[in-house]
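my questions concern the predicted model and sequence given below.
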Protein chains: 2
Amino acid sequence: MSAQIIAIDAMGGDFGPRSIVQASIACLSATPSLHLTLVGQPSLLEDLIAGQSAADRSRLQVVAASEVIGMDERPSQALRGKPDSSMRVALELLRDGKAQACVSAGNTGALMALSRYVLKTLPGVDRPAMVAAIPTQTGYCQLLDLGANVDCSAEHLYQFAVMGSVAAQALGVYRPRVALLNIGTEDIKGNQQVKLAASLLQNARGLNYIGFVEGDGLYRGEADVVVCDGFVGNILLKSSEGLATMIGARIQALFRQGVFARMAGAMAMPLLKRLQADLAPARHNGASFLGLQGIVIKSHGSAGVQGFQSAIQRALIEIQEDLPQRLHGRLEDLLL
Amino acid sequence: MSAQIIAIDAMGGDFGPRSIVQASIACLSATPSLHLTLVGQPSLLEDLIAGQSAADRSRLQVVAASEVIGMDERPSQALRGKPDSSMRVALELLRDGKAQACVSAGNTGALMALSRYVLKTLPGVDRPAMVAAIPTQTGYCQLLDLGANVDCSAEHLYQFAVMGSVAAQALGVYRPRVALLNIGTEDIKGNQQVKLAASLLQNARGLNYIGFVEGDGLYRGEADVVVCDGFVGNILLKSSEGLATMIGARIQALFRQGVFARMAGAMAMPLLKRLQADLAPARHNGASFLGLQGIVIKSHGSAGVQGFQSAIQRALIEIQEDLPQRLHGRLEDLLL
């Protein structure tokens, strides 16, 4: 296998550069063909690297960037006001062929705006989408868009469906079942965009479109790719995270009520912890931006070391599968 | 306490009249001041009542309706094509003052369309909304709209906020915290309708509007009333139901893996079952239609006997609190 080079925005995220450096060095140890370029404040990053044992410096480079984009900053501000941000410099490394993917835990809106500006979208794609794997009763489904596009036309939803299908195939799903998220499964249900997107998808060649799926159907595993606008997708993702957290907290509370419950709790807790980790894959594995001329992975802002490692792993898979090129070919077939 | 009379659409729902009759008779036993009018096919209903012991017939009436609205029927069809449906006749009893509330487990879209047509909306209300109590880390929040209104303007969201606040007060919440569901908490986030609704709500007198809440914030209990359009609300509600079911199934599966896990599972299962019941209140307690000139409760189509009983209980509370009249007063203050 040839070498992979990934540019890391080392300054983004709620947890700071320390965890990112730690995750990066762990990934280098695990994957001998991997090279990483950490982008950010050089003295800070060099100090953090020096503090870690076993960093293979032949595969770990630091590139300077003098500015950092805040988690609350407006995308427009990030785009115009900070030409030397760590996020932007990392994306420029990708654009210039000095890296094959970019990973950031920073401000999502800024990352999307900068990605579009620096990398540009693939021909035929109006708007890139954000996708993540959501656990279901039977495996996983790719849910998109997760918040990059608040208002979407039927054509946008159609493009998301095509991109989601290609991404699912790249991740190993044979003939992915593609569905539109809706509030009912009958033809008359839903808003105009969804109904119109359904008629576009019914006529799409070579796409395994299976119709509408409801919120509960998603978790029953009725589809491999579930398409919605970014407002709905973001609400679904975050409310699911919130509910899973609440259920975890309630279970822990139940298991504190009395001696009998405490015993059951002590026995059950390791099992439940495993389940909880499985239920927050977006937090753990990061989300992928689809439709750009390059691979960009957004690690969850509040993910820890392990979350950032998983995001780098996802970038590696997309490099190996040459996802943007596959998308490009498929989109040419279907959209142009 | 004076008598309450509730009209029951005895033919609706996935589980059929048998469960509805059973639930009705149980409610009559529990509440001596309650009178019920079962609407549907008389011979069928009389047979079912005769099959139950201890039915106090002095408080249980049967009213004939020759037609039934199917669960998949279009609202327009239900409205025009079936003048003698059990749902419609039950609503007409309410309109004519022969009942103080109506409960149905039938087709949601048809129930909303018929309710609007037969009862009319309160002055100042463009569209009634569907609300249910959702469990949170700190208690419950009233979530609306849950699917009655797919596309909503800022004014509709504003009206939902007012109605949700009054409903929460009627249920005993002092100065309910009202929030708009959004994909971020900063002012710049969200679609046009949500941003515009926020500016309307900021200027509303006497409403405890606290700003935006995200999907996870809802489950953290950050608000007592959470407002969104019916598309988003329905997706949130159903995906939450689906996720809770999936977590339950996964926990059961975990607890079957090996002897040790089986022991933990046997001890934990009663606790987990209690939790699961608590997590599906919409299924168990029914949803309320707000903004009509009358009390209409929608019991979940797939709720069992207990679910229908809870829906009747919710109707009783709304009768005691005179919810439509309270809503009317508050809406006059705020909207007109």
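Looks like it came in fine. Numbers count the residues shown, from 1 in each chain, chains lettered A, B, ... in the order given.

going by C-alpha atoms from here, please, whenever you check contacts or count neighbours.
OK.

list the contacts of residue A:196.
Residues counted as contacts of residue A:196 (C-alpha atoms under 8 Å, 6 or more residues apart in numbering or on different chains) are residue A:154.

the same query, at a cut-off of 10 Å, please.
A:153, A:154, A:155, A:157, A:158, A:190 (C-alpha atoms under 10 Å, 6 or more residues apart in numbering or on different chains).

just residue A:229 next, same as before
A:129, A:144-154, A:156-157, A:160, A:180-181, A:193-194.

before we move on, back to that, mark which of the contacts of residue A:196 are buried, thanks.
By neighbour count, with 16 or more other C-alpha atoms under 10 Å in any protein chain shown, these hold A:154, A:155, A:157, A:158, A:190 as buried.

and chain B, which of the contacts of residue A:196 contact it?
residue A:190 (C-alpha under 10 Å from any C-alpha of the partner chain).

JSON lines for the contacts of residue A:196, including secondary structure and pLDDT?
Shown next, in JSON lines, are the contacts of residue A:196 (DSSP: H, G, I helix; E, B strand; the rest coil; pLDDT from 0 to 100):
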{"residue": "A:153", "secondary structure": "coil", "pLDDT": "93"}
{"residue": "A:154", "secondary structure": "helix", "pLDDT": "95"}
{"residue": "A:155", "secondary structure": "helix", "pLDDT": "93"}
{"residue": "A:157", "secondary structure": "helix", "pLDDT": "96"}
{"residue": "A:158", "secondary structure": "helix", "pLDDT": "94"}
{"residue": "A:190", "secondary structure": "coil", "pLDDT": "84"}
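
using CSV, please lay out the contacts of residue A:196 together with distance to residue B:327.
Formatted as CSV, the contacts of residue A:196 follow (distance: C-alpha to C-alpha, whole Å):
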residue, distance to residue B:327
A:153, 36
A:154, 38
A:155, 41
A:157, 39
A:158, 42
A:190, 29
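
centroid-nearest residue for chain A?
residue A:287 (0.4 Å; C-alpha atoms, centre = their mean).

relative to residue A:209, how far out is the residue nearest to it when sequence neighbours are not counted?
Once flanking residues are discounted, residue A:287 sits nearest to residue A:132: 4.7 Å by C-alpha to C-alpha, 6 or more residues apart in numbering or on different chains. As for residue A:132, its distance to residue A:209 is 19 Å (criterion: C-alpha to C-alpha, to the nearest Å).

for residue A:24, same thing?
Here the distance between residue A:24 and residue A:209 works out to 39 Å (C-alpha to C-alpha).

after the helix or strand residue A:200 falls within, next one along is what?
Per DSSP states H and E: residue A:200 is located in helix A:192-202. With elements assigned by DSSP H and E, the helix or strand that comes after helix A:192-202 is strand A:209-213.

endpoints of stretch A:254-262, how far apart?
Using C-alpha to C-alpha, the two ends of stretch A:254-262 sit 8 Å apart.

do the same with stretch A:99-112
18 Å.

return the distance of it from the chain's centre.
Relative to the centre of its chain, stretch A:99-112 is centred 10 Å away, using C-alpha atoms, centre = their mean, to the nearest Å.

do stretch A:324-334 as well
On the basis of C-alpha atoms, centre = their mean, stretch A:324-334 sits 20 Å off its chain's mean C-alpha point.

which other residues reach that stretch?
For stretch A:324-334, contacts defined as C-alpha under 10 Å, 6+ apart pick out A:121-125, A:159, A:162-167, A:169-170, A:204-207, A:290-295, A:318-319, A:323, A:336.

near chain B too, which of these?
Applying C-alpha under 10 Å from any C-alpha to those, none is adjacent to chain B.

buried members of those residues into PyMOL, please.
The following PyMOL line selects those of those that are buried, judged by 16+ other C-alpha under 10 Å:
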select buried, chain A and resi 121+122+125+159+162+163+164+165+166+167+169+170+207+290+291+292+293+294+295+318+319+323
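
which of the contacts of stretch A:324-334 fall within strands?
Counted as lying in strands by DSSP state E, out of these, are A:290, A:295.

with adjacent residues omitted, what lies nearest to residue A:167?
Of all residues not flanking residue A:167 in the chain, residue A:323 sits nearest, at 7.1 Å (C-alpha to C-alpha, 6+ apart).

typo on my end, residue A:24
Per C-alpha to C-alpha, 6+ apart, closest to residue A:24 is residue A:309, 6.8 Å.

and the helix or strand containing that neighbour, how far from the chain's centre?
In this structure, residue A:309 sits in helix A:305-320 according to DSSP H and E. Centre-to-centre, helix A:305-320 and its host chain are 10 Å apart (C-alpha atoms, centre = their mean).

quick check: buried residues in it?
Within helix A:305-320, the residues scored as buried using 16+ other C-alpha under 10 Å are A:305-316, A:318-319.

widest-spaced pair of those?
Greatest spatial distance among the buried residues of helix A:305-320 (C-alpha to C-alpha): A:305 and A:319, at 21.4 Å.

which of the buried residues of helix A:305-320 lies closest to chain B?
Minimum distance to chain B across the buried residues of helix A:305-320 is 18.9 Å, recorded for residue A:307 (C-alpha to the nearest C-alpha).

the closest one and residue A:7, how far apart?
When distance is defined by C-alpha to C-alpha, residue A:307 is 17 Å away from residue A:7.

try residue A:130
19 Å.

now swap in residue A:228 and tell me
For residue A:228 relative to residue A:7 (C-alpha to C-alpha), the value is 30 Å.

same deal with residue A:94?
From residue A:94 to residue A:7 the distance is 7 Å (C-alpha to C-alpha).

same thing with residue A:201?
Residue A:201 is 36 Å from residue A:7, by C-alpha to C-alpha.

more neighbours, the two?
residue A:7 (29 against 25; other C-alpha atoms under 10 Å in any protein chain shown).

and the more buried one, that's in a strand?
Yes - counting by DSSP: H, G, I helix; E, B strand; the rest coil, residue A:7 is located in a strand.

all good on my end, thank you.
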